[in-house]
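Undergrad: Here is my input; please provide its structure:
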Amino acid sequence: MLQSARGPLPNLAEHIAGESIPGSWWGHTSGHRIFAVLDDLLESGEVVATRLVEGKITLVHRRVWPALVRVADRFPAERLAAVDEVHTASGAHRTVEVAFPSWVPAEDRARAASLSVDQALAQLPNCLH
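TA: Numbers count the residues shown, from 1 in each chain. All right, here's what the predicted structure looks like:
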């Protein structure tokens, strides 16, 4: 799922808002709720933000991390880095990236070895094939 950009996958911000959001979701009436849900997802340890789909912030659930590891050679390394937006004391945003596969837990990397390429691709959206 995309965080808020438009593209080949649904986006979280519009799903939460229940409507199309012209411009930035920060100014939308659901902005606080969108932020809270996004923060909860990213803090859960079950979702990672990457730039996987078209370089846009893409939320990837842990259930597909082994599949992503298995076919990682099909993507530019920078698209697989975990992206975290940190809020500084001044209120500015700073982006911190963690290189792939260091953000992937060892057990998920190990599970990747048991998948064929076809099995891995079957778990990922068609736009990533």
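Undergrad: From the centroid of the protein, which residue is nearest?
TA: Residue closest to the average C-alpha location in the chain (Cα atoms, centre = their mean): residue 59, at 2.1 Å.
Undergrad: List the buried residues for whichever strand or helix holds that one?
TA: Take DSSP states H and E as the rule and residue 59 turns out to sit in strand 56-61. If you call a residue buried by 16 or more other Cβ atoms under 10 Å, then strand 56-61 has these buried ones: 56, 57, 58, 59, 60. To be clear about C-beta, it is placed using only N, CA and C from the backbone, and glycine gets the same treatment.
Undergrad: How about residues contacting the helix or strand that it is followed by?
TA: Going down the chain from strand 56-61, the next helix or strand is helix 65-70, by DSSP H and E. The contact list for helix 65-70, computed with Cβ atoms under 8 Å, 6 or more residues apart in numbering, reads 48, 52, 60, 80, 101, 104-105, 108-109, 111-117, 119-121, 123-124.
Undergrad: for the record, mean pLDDT for helix 65-70?
TA: Mean pLDDT, helix 65-70: 98.
Undergrad: circling back to that earlier point, of the contacts of helix 65-70, buried ones?
TA: Neighbour counting over those (16+ other Cβ under 10 Å) leaves 48, 52, 60, 80, 101, 104, 108, 111-112, 115, 120-121, 123-124 as the buried ones.
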